[in-house]
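*Asks:* predicted model, plus sequence, below.
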Amino acid sequence: MAWLELLIALLVGLGGGWLAYRSSRRWATEERRRVQRAVPTHATVLHVHRGAMRHHRDGVPLRLRLEVEPPSYQGPNRTVEVGWEVPEDRVGEVAVGRRLEVKVDRYDERRIYPVIAGAEWWDTEPA
């Protein structure tokens, strides 16, 4: 009887692991699609804070304050705080006063994606 309980627990564990794996892949695919659909524009770096805790091996976490130009050139510029992870060799491109190419998410205008090779968006300002 114990082997049957062990077998059931193993099957439930494997099934749960498979569901978690599929869910994370689905989430990652949707995130890539959001970045691809984002609208290109420009932003000026107002402030850079280098974080201590890395989210991935290769990137440097940065908390940025950006002045974002509206993609449609209608309305005033707006200030947004974002978290990006930028490769170590590209950190110099994200200096105060620099004008950067960025993408604005179509569904959440607080999501400002970097257009820097190897850089990733990872966080928005606190709500």
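*Replies:* Everything's here; your move. Given the structure is predicted, the values throughout are model-derived calculations rather than measurements.

*Asks:* can you show me the strands along this structure?
*Replies:* 39-50, 59-68, 78-87, 99-104, 112-114, 120-124 (DSSP state E).

*Asks:* counting by contacts, list what the third one packs against.
*Replies:* Just to be clear, that refers to strand 78-87. strand 59-68, strand 112-114, strand 120-124 (3 or more CB pairs under 8 Å, 6 or more residues apart in numbering; DSSP states H and E). The way it works is simple: take the backbone N, C-alpha and C, and place the C-beta from them, glycine included.

*Asks:* so that strand versus strand 59-68, what angle?
*Replies:* Angle, strand 78-87 to strand 59-68, by axes from the mean of the first three to the mean of the last three CA atoms, to 10 degrees: 160 degrees.

*Asks:* pull strand 78-87 out as PDB, backbone CA atoms only.
*Replies:* Extracted in PDB, the C-alpha atoms of strand 78-87 (Å, rounded to 0.1, in the frame of the first residue of the first chain):
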ATOM      1  CA  ARG A  78       6.500  62.300 -18.700                       C
ATOM      2  CA  THR A  79       8.800  61.100 -16.000                       C
ATOM      3  CA  VAL A  80       8.900  57.300 -15.300                       C
ATOM      4  CA  GLU A  81      11.000  55.200 -13.000                       C
ATOM      5  CA  VAL A  82      11.900  51.800 -14.300                       C
ATOM      6  CA  GLY A  83      14.300  48.900 -13.500                       C
ATOM      7  CA  TRP A  84      16.500  47.600 -16.200                       C
ATOM      8  CA  GLU A  85      19.200  45.000 -16.300                       C
ATOM      9  CA  VAL A  86      22.000  46.100 -18.600                       C
ATOM     10  CA  PRO A  87      25.100  44.100 -19.600                       C
END
